[in-house]
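J.: Need the 3D shape of this:
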Amino acid sequence: MTDFTQSRYQLRFDWGVAGLRRLGPSDVVVVVDVLRFSSTVSARVAAGETVPHDESAHAVSLNGAAVASAAAEQGAVVMLGSLRNAAAVAAAVLVEQSARGARTSVNIVAAGELSGREPGAELRFAVEDQLGAGAVLAALEARGVDHSSPEAAAASEAFRGLRGAVRHLLTACGSGQELLAEGKRDEVIAAATIDADDAVPVLRDGVWSRA
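T.: Modelled structure (predicted):
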């Protein structure tokens with residue numbers, strides 16, 4: 001075990017597949033890929049759909065899908081979190097903890113953005129995923145699940161401090177600007193809407209369905 005597993009804490013936070021593996025096993029993994037994997041699948045599940053992982057997930061985000069696949073291989077309960085469903089994710093984690101009858105460890109993993117699609121592409125910081133992860137962490141802490149690692153605490157405080165500027169930040173950030181240039185402004189605005197969905201996508205047998 002290294003100092004970077006954050007294993008002494010209930011809530012942990014890191015980036016990408018490498019970060020997921022660095023954190024080590026947990027009971028629940030929440031994958032946050034705000035533009036557009038988590039937000040798109042969350043909205044579809046909230047509308048009553050079930051979403052095949054390979055069909056839609058890879059179409060909108062290869063890196064978010066890769067984190068989810070790696071988390072499923074670890075045997076964790078895999079959820080998708082975003083700005084759109086942060087409160088619902090926190091509620092679902094509490095339900096999972098109640099069902100287990102014991103403290104439930106939660107890895108929050110921000111997907112980040114890849115520099116390209118080729119093998120070995122570098123992962124870069126994505127402010128939208130920082131904010132989305134922070135929203136989920138803040139919602140958990142507000143419900144009393146607050147044994148947070150320093151990394152998780154910093155993410156939640158970043159969201160709290162910038163909550164009022166989320167829409168501007170998502171449209172102004174690099175990923176948002178790319179989508180705006182493709183005529184997808186409505187998707188960016190939708191992704192910036194806090195707690196618009198009451199559904200939490202959970203990955204079961206290769207399909208995203210409502211928790």
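
J.: Please pull up the helix or strand immediately following the helix or strand of the chain with the lowest mean pLDDT.
T.: In the chain, no helix or strand scores lower on mean pLDDT, DSSP states H and E than helix 58-60, which sits at a mean of 62. Going down the chain from helix 58-60, the next helix or strand is helix 62-73, by DSSP states H and E.

J.: So which other helices or strands are in contact with that next one?
T.: With contacts defined as 3 or more Cβ pairs under 8 Å, 6 or more residues apart in numbering; DSSP states H and E, the packing partners of helix 62-73 are helix 16-23, strand 28-32, helix 37-46, strand 77-81, strand 106-110, strand 113-114, strand 201-204. Using the backbone N, CA and C atoms, a C-beta is placed for each residue, glycine as well.

J.: Could I have the CA atoms of that helix written out in PDB?
T.: The C-alpha trace of helix 62-73 is given here as PDB (Å, rounded to 0.1, in the frame of the first residue of the first chain):
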ATOM      1  CA  LEU A  62     -13.800   6.800 -24.700                       C
ATOM      2  CA  ASN A  63     -12.000   7.800 -21.500                       C
ATOM      3  CA  GLY A  64     -15.100   7.900 -19.300                       C
ATOM      4  CA  ALA A  65     -16.200   4.500 -20.700                       C
ATOM      5  CA  ALA A  66     -12.700   3.100 -20.000                       C
ATOM      6  CA  VAL A  67     -12.800   4.200 -16.400                       C
ATOM      7  CA  ALA A  68     -16.200   2.600 -15.900                       C
ATOM      8  CA  SER A  69     -15.100  -0.700 -17.600                       C
ATOM      9  CA  ALA A  70     -12.000  -0.800 -15.300                       C
ATOM     10  CA  ALA A  71     -14.100  -0.200 -12.200                       C
ATOM     11  CA  ALA A  72     -16.500  -3.000 -13.200                       C
ATOM     12  CA  GLU A  73     -13.500  -5.300 -13.500                       C
END
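
J.: Show me what counts as buried in it.
T.: 63, 64, 65, 66, 67, 68, 69, 70, 71, 72 (16 or more other Cβ atoms under 10 Å).

J.: now swap in stretch 174-181 and tell me
T.: Buried residues in stretch 174-181, defined by neighbour count with 16+ other Cβ under 10 Å: 175, 176, 179, 180.

J.: with those in mind, which one is nearest to residue 124?
T.: residue 175 (9.6 Å; Cβ to Cβ).

J.: Nearest spatial neighbour of that closest one, chain-adjacent residues omitted?
T.: Distances taken as Cβ to Cβ, 6 or more residues apart in numbering put residue 35 closest to residue 175, at 4.6 Å, once the chain neighbours are dropped.
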